[in-house]
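>>> Show me the folded form of this:
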Amino acid sequence: MFKKNTAVVGFGIGNFINASTGDTVTTGTPVETRIIDGTGAALTNAATYNSDASEWEIDLDAADMNGDVIGLTFKLADCLPISYTIKTVLGVPSATIAPASEYDTEMARITANVATASALATHDGKLDTVDGIVDTILIATASILADTNELQSDDIPTLISNLNDITVADIIAGIADGSYDLQEMLRIMFAVLAGKSTGGGTTSIAFRDSGDSKDRVVATVDPDGNRTNVTLIET
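Numbering: from 1, shown residues only. Here you go, the predicted model:
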């Protein structure tokens, strides 16, 4: 990664290859050009051969890197040319990148939003306070449950076992409406829906139980059929 407007020391360009023989050429004076964002100019420094690295290198000044796209071309007599295209990222501010004031403003904004050691210590203290409050609530809750014999975790298996032991008799014996349990309500509903009836077309109508042994529902109705009085025999 290369930073815009930032010098690069020892930029390796590889080796010059003799176009006829294919040999590596380590001597000579290359002709160098640069193109910065479409504008050509000569490079500040000259490329030299680094025998330790076994390649040609060049030091690129900040001015050589002052662009978004840097094109570099190196030519040596009788050799194949060498070319590079470098895409830079934002580095040190310059007049052609952004005014230094804008750079300083952005850095100040970033710095202002970085938590300081004292701020972090304050937050740690608040977290410790909250943690202490939570611990107090947990202790108090456990004490309340123990004192009032409320549901405990040990009670859950017993409750589940009790649910598994529920019978049909238990279910229909449960109070469903007022003082009527489910069994009594079923008897009344069965009589009205499926039992025999007497008094149709009169002001008094009765519905019999399933065995036709007694009236389950006796209702007084007006001429429009509205019930004005109802007697239930649920037992």
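>>> Downstream of the top helix by length along the chain, the next helix or strand is which one?
Looking across the chain with DSSP state H, the single longest helix is helix 117-148. Next helix or strand after helix 117-148 toward the C-terminus (DSSP states H and E): helix 156-164.
>>> dump the residue contacts of the residue lying closest to Leu186 once chain neighbours are set aside.
Leaving out its chain neighbours, the residue that sits closest to Leu186 by CB to CB, 6 or more residues apart in numbering is Ile172, at 6.9 Å. (C-beta placed from N, C-alpha, C; glycine too.) Ile172 is in contact with Asp181, Leu182, Gln183, Leu186, counting by CB atoms under 8 Å, 6 or more residues apart in numbering.
>>> burial count for Asn18?
14 (other CB atoms under 10 Å).
>>> Please tell me I have it right and it contacts Ala77.
No. At 9.6 Å, Asn18 does not count as touching Ala77 under the criterion of CB atoms under 8 Å.
>>> Quick check: Leu231 is in a helix.
Quick fix: residue 231 reads Thr, not Leu. No. Using DSSP: H, G, I helix; E, B strand; the rest coil, the assignment for Thr231 is strand, not a helix.
>>> what sits against it?
So Thr231 contacts Val217, Val218, Ala219 (CB under 8 Å, 6+ apart).
>>> and the protein, what are its domains?
2-92, 180-232 (automatic domain parsing).
>>> a markdown table for those domains, including mean pLDDT?
Putting the domains of the chain into a markdown table (pLDDT from 0 to 100) gives the following:
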| stretch | mean pLDDT |
| --- | --- |
| domain 2-92 | 93 |
| domain 180-232 | 94 |
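>>> Now the residue located most distally from the centre of the chain: which helix or strand?
Distance to the chain centre peaks in the chain at Thr202, reaching 71.2 Å (criterion: CA atoms, centre = their mean). Element membership of Thr202 [criterion: DSSP H and E] is none; it lies in no helix or strand.
>>> Next one: it relative to Gly28, how far apart?
Using CB to CB, to the nearest Å, Thr202 is found at 130 Å from Gly28.
>>> residues near Arg187, how many?
Neighbour tally, Arg187, other CB under 10 Å: 19.
>>> That one - that's part of a helix, no?
Yes. Assessed with three-state DSSP, Arg187 lies in a helix.
>>> quick one, phi psi at the closest residue to it other than its chain neighbours?
Excluding its sequence neighbours, the residue lying closest to Arg187 (CB to CB, 6+ apart) is Glu234, at 5.8 Å. As for Glu234, its main-chain torsions (degrees, to the nearest 10) stand at phi -90, psi -20.
>>> and what of Ser210?
phi -70, psi -30.
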